[in-house]
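[1] I need the structure of the sequence given here:
(chains A and B)
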Amino acid sequence: MEQQQIHPDEQLAADVNAWLDANWDDARRCERGMDKLDTRSWLTKLLESGYAVPTWSPEWFGLGLGSKQGRIIDKILKARHVIGRSQDRYNLGAVTVYRLGSPELKQELLREMLTGSFSCLLYSEPNAGSDLAGVRTKAEWQAGPDGGEYVITGQKVWTSNATEATYGMLLARTDWDVPKHSGISFFIFPMKQPGVEIRPINQITGESEFNEIFISEARVPARYIVGELNGGWKVLQTALAYERLIMGEGATERQGKEKGAEPPLIALARKHGKLQDPVLRQKIAQAVAYRQLNSLNMQRAKAEILANGSSSLMSLGKLAMSRIQHGEARVASEILGAASLLDGQEFPDSADMNFDSAKAYMNSIGGGSDQIQRNIISERVLGLPREFEVDRNMPFRDVKSG
Amino acid sequence: MSAISTEEQQAMCDSFARLLAEKSGEAQVRAAMETSLGYDPALWAAMAEMGLLGIIIAPEYGGIGGGAVLLECLLEEAGKHLLCSPFISTAVIAAKLISSSNSDDIKQEVLSAICAGDQVIAVAATGDKGQWTRDDIDLQAEKKGDGWVLDGSASYVLHAEGAHQFLMLAQTADGVRVLAAESGSSGLAIDSMQANDPTLRLSQVRCSAVKARLLPGVDETAIDGALNLARIAQAAEHAGGVKRIFDITIEYLQTRHQFGRQIGSYQSLKHMAADMLVEVETATSAARHAARAWDAGADDAQTLISLAAFAGADAYRDVTAQAIQMHGGIAYTWEHPAHLFWRRARTGLWLFGSSDQHRETYLASLENA
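    Model prediction:
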């Protein structure tokens, strides 16, 4: 007699659901037996189950599962609105410490980072944007117990979630006498301390998602360096790769939701009596097409990633998105005509269009400008020669800035 | 939909690519485009031998019963090699129109001849305006006794010279229908129209009381379907062609030196190249998705076909134009292949409808009624 075997993936899903049935209150969206969510208590419980970071090793809160099993768990947790899912992908600070930190650092920080402590990014500076290796924030060593500490002074910019963050992933210069890529270290920097001042940036959209961080003689233990001293550039590349991976996944997921629905530009044109204008129809069609074409590229990318593990198509999405967003906003303005002059609650279509026109720069400048993205595509995908860098082999002390 | 496996399809594409590498290199394309026929009959025969002319024809008529996905894959290869042939008119439009007929006799007779490479069929599908729409058909067909009689003219007919038979789209009392006329029929005149693209053969066909037979069971929906399949085929050719001229250009950027450095190290050219890569990949994605939607009979098939038609044509136009600019003087010579791709791209902008027409069809298909 043949025994009916349950597929291991189905068994996993059943186990996760059973554990949630016992521990998670779906209706209240909090721990079972509680009135409301106590984030740290719940995240601790989830951490101990292994379902917070299932693809990590059992030594560090994980279950040692593959990424496919990780996604099965993620799907269940997402469907049941569970807080704290897939931190092995989305918790950038914890992922960086797990992948690149020393065992001692993991021991000291991981549990806290996985149970409700936010991290923010302290990479860009006013004079180190596209040229990120040009960071000038100073980290100076001072002797003391446990390997001593570093005194940090400098200015960081374009940091989101700075006020909520417990830690910042900080790029700072530890050696000024070597070329720029070789004198940078990567720190897990405690944000809640004197000498850290956070000022919101007022954006051209009217929003304030980002902050400037002024750091003046703040401190970070020497043991909070991730990777080697002066090896921060390498650590950054890994951290950035994870960040782009998450952004890329987000982009394809957002695309999926739009299927079947009428594109908003068509509805806008109909509402304003312009849908029969043949010139506008051409422009609307082209704008809608660019978005759909990018979604077709991303579908191909996904198929290639499943088949080969990677796809060069992924690097094209961000560049294509700039044309999509700027283009859609421009066509919306042409549909609205002179009403584009207006703004505010009384003129919501105008306000939305004007907001989108400004917001489009978020994609075409943020996370590497279109021009940097074109360098990356032409060099890494097409194999064209690297941009010449005057300062590549020069001691950083002698590099011009401003 | 398709009667053959994915592995067999890939194997067919690979052998077609090898055949084209051997028989449709640049020198052979240039030789073929100088002949009056405009293609190499030996290569056409070799394609027939490989079963390529019966891709979309059912096995009972000698074909292999493949779908649009296989067609797309093969035509990407054709596009890469600037293949000169009456393939789209004979093996796509004519094969599809005849397959749509409910006359088994006609199917037995003509489809097997197409598969064997014995019949090149020219399709008269548009009038002088060159719009490839139902309105833009200037031929009239009238029933006379047992048969039909054709009058009027058609323009932009592909590969009319050397064709064994003509399929004519004509206005009838029941709407647009398809009629078949033998070449050399009395009252049938062919005036060649000189094409800008030397790999293309265009003619005007004039009919004065030409005797013809009706393709029974082929209505306007079937005609639209055959032209849509041609649009997928052409989008695939564009995808292949745009990839090839792009690769040629990138190679040139890496080998050509000026001011002591590879010209591909200049940011002005690198940025153009990055933008062009977006177009190249987009043309491929669009053509492949359109083919898949056709085979699946998907609800959004018309949307995706129109999208592939204008996105592919526009991408090919833009990338070939930039390719000439990036090569500089060398690509301004007749001997350099860039202009052949550029001309082919400019052809694709108009055959089977313009990009503006496709954009309009695309938008209309997305509107919630």
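[2] Using PDB, write out every CA atom in stretch A:151-169.
    Taking Å, rounded to 0.1, in the frame of the first residue of the first chain, the C-alpha atoms of stretch A:151-169 are listed here in PDB:
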ATOM      1  CA  VAL A 151      34.400  60.000  17.100                       C
ATOM      2  CA  ILE A 152      32.200  61.000  14.100                       C
ATOM      3  CA  THR A 153      31.800  64.500  12.700                       C
ATOM      4  CA  GLY A 154      30.100  65.300   9.400                       C
ATOM      5  CA  GLN A 155      26.900  65.800   7.500                       C
ATOM      6  CA  LYS A 156      24.600  63.200   5.900                       C
ATOM      7  CA  VAL A 157      21.600  63.800   3.700                       C
ATOM      8  CA  TRP A 158      18.600  62.100   2.100                       C
ATOM      9  CA  THR A 159      18.000  59.900   5.100                       C
ATOM     10  CA  SER A 160      14.400  58.600   5.600                       C
ATOM     11  CA  ASN A 161      13.000  57.300   8.900                       C
ATOM     12  CA  ALA A 162      15.900  59.100  10.700                       C
ATOM     13  CA  THR A 163      13.800  60.100  13.700                       C
ATOM     14  CA  GLU A 164      12.500  56.600  14.300                       C
ATOM     15  CA  ALA A 165      15.800  54.900  13.700                       C
ATOM     16  CA  THR A 166      17.900  53.300  16.500                       C
ATOM     17  CA  TYR A 167      20.800  52.700  14.200                       C
ATOM     18  CA  GLY A 168      22.200  54.300  11.100                       C
ATOM     19  CA  MET A 169      24.300  52.500   8.600                       C
END
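[3] So which bits of it are buried?
    Buried positions in stretch A:151-169, judged by neighbour count with 16 or more other CB atoms under 10 Å in any protein chain shown: A:151-159, A:162, A:165-169. All C-beta spots, glycine's among them, are computed from the backbone N, C-alpha and C.
[4] So which residues make contact with stretch A:234-243?
    Stretch A:234-243 is contacted from outside by A:89, A:92, A:95-96, A:99-100, A:123, A:132, A:169, A:171, A:184, A:186, A:226-228, using CB atoms under 8 Å, 6 or more residues apart in numbering or on different chains.
[5] any low-confidence regions in the stretch 201-350 of chain A?
    A:244-245, A:247-260 (pLDDT under 70).
[6] can you pull the contacts of B:Cys207?
    By CB under 8 Å, 6+ apart, the contact set of B:Cys207 is B:Leu139, B:Leu150, B:Asp151, B:Gly152, B:Ser153, B:Met168, B:Ala181, B:Gly187, B:Leu188, B:Ala189.
[7] can you pull the pLDDT of the residue of chain B positioned farthest from its centre?
    Centroid-distance maximum for chain B: B:Gly260 at 43.5 Å, with CA atoms, centre = their mean. Note on B:Gly260: pLDDT of 90.
[8] next one: B:Met272
    pLDDT, read off for B:Met272, is 98.
[9] State the helix or strand in which it lies.
    helix B:267-296 (DSSP states H and E).
[10] re the thing from before, filter the contacts of B:Cys207 down to the buried ones.
    Applying 16+ other CB under 10 Å to those flags B:Leu139, B:Leu150, B:Asp151, B:Gly152, B:Ser153, B:Met168, B:Ala181, B:Leu188 as buried.
[11] Just to be sure, which of those are found in strands?
    Among the buried ones among the contacts of B:Cys207, the residues falling in strands (DSSP state E) are B:Leu150, B:Asp151, B:Gly152, B:Ser153, B:Met168, B:Ala181, B:Leu188.
[12] hmm, back to that, from the contact counts, what lies against the helix or strand following the helix holding B:Met272?
    Note on helix B:267-296: by DSSP H and E, the next helix or strand toward the C-terminus is helix B:301-327. Secondary-structure packing of helix B:301-327 (3 or more CB pairs under 8 Å, 6 or more residues apart in numbering or on different chains; DSSP states H and E): helix A:278-308, helix B:220-255, helix B:267-296, helix B:338-348, helix B:355-366.
[13] Give the buried residues for the second one.
    Within helix B:220-255, the residues that qualify as buried are B:222-223, B:225-246, B:248-250, B:252-254, counting by 16+ other CB under 10 Å.
[14] What of stretch B:134-144?
    Neighbour-count burial for stretch B:134-144 [16+ other CB under 10 Å]: B:Asp136, B:Ile137, B:Asp138, B:Leu139, B:Ala141.
[15] Which single one of these is nearest to B:Ile121?
    When those are compared for distance to B:Ile121 (CB to CB), B:Leu139 comes out closest, at 16.0 Å.
[16] does that closest one really touch B:Ala170, like I thought?
    Yes: using CB atoms under 8 Å, B:Leu139 is in contact with B:Ala170, at 3.9 Å.
[17] what do the two both touch?
    B:Leu150, B:Gly152.
[18] From the structure, what's the count of residues near A:Ala358?
    Neighbourhood size, A:Ala358 [other CB atoms under 10 Å in any protein chain shown]: 14.
[19] In this structure it contacts A:Glu207, no?
    No: shown here, A:Ala358 and A:Glu207 do not form a contact pair, counting by CB under 8 Å, at 9.3 Å.
[20] still on that earlier bit, chain A versus the residue farthest from the centre of chain B, what's the distance?
    12 Å (CB to the nearest CB, to the nearest Å).
[21] Now that residue: phi and psi?
    Taking degrees, to the nearest 10, you get phi 80, psi 10 for the backbone angles of B:Gly260.
[22] And the pLDDT for whatever residue of the stretch 1-150 of chain B ends up closest to chain A?
    Nearest residue of the stretch 1-150 of chain B to chain A: B:Thr6, at 12.5 Å (CB to the nearest CB). Per-residue confidence (pLDDT) for B:Thr6: 88.
[23] now B:Glu77
    You'll see B:Glu77 listed with a pLDDT of 98.
[24] which pair in the buried residues of stretch A:151-169 spans the largest distance?
    A:Val151 and A:Trp158 (23.6 Å).
[25] ok, so of the buried residues of stretch A:151-169, who is nearest chain B?
    Out of those, the member with the shortest distance to chain B (by CB to the nearest CB) is A:Trp158, at 23.7 Å.
[26] In three-state terms, label that closest one for me.
    strand (DSSP: H, G, I helix; E, B strand; the rest coil).
[27] My guess is it contacts A:Ser124. True?
    Yes: applying CB under 8 Å as the test, A:Trp158 and A:Ser124 come out as touching, 4.8 Å apart.
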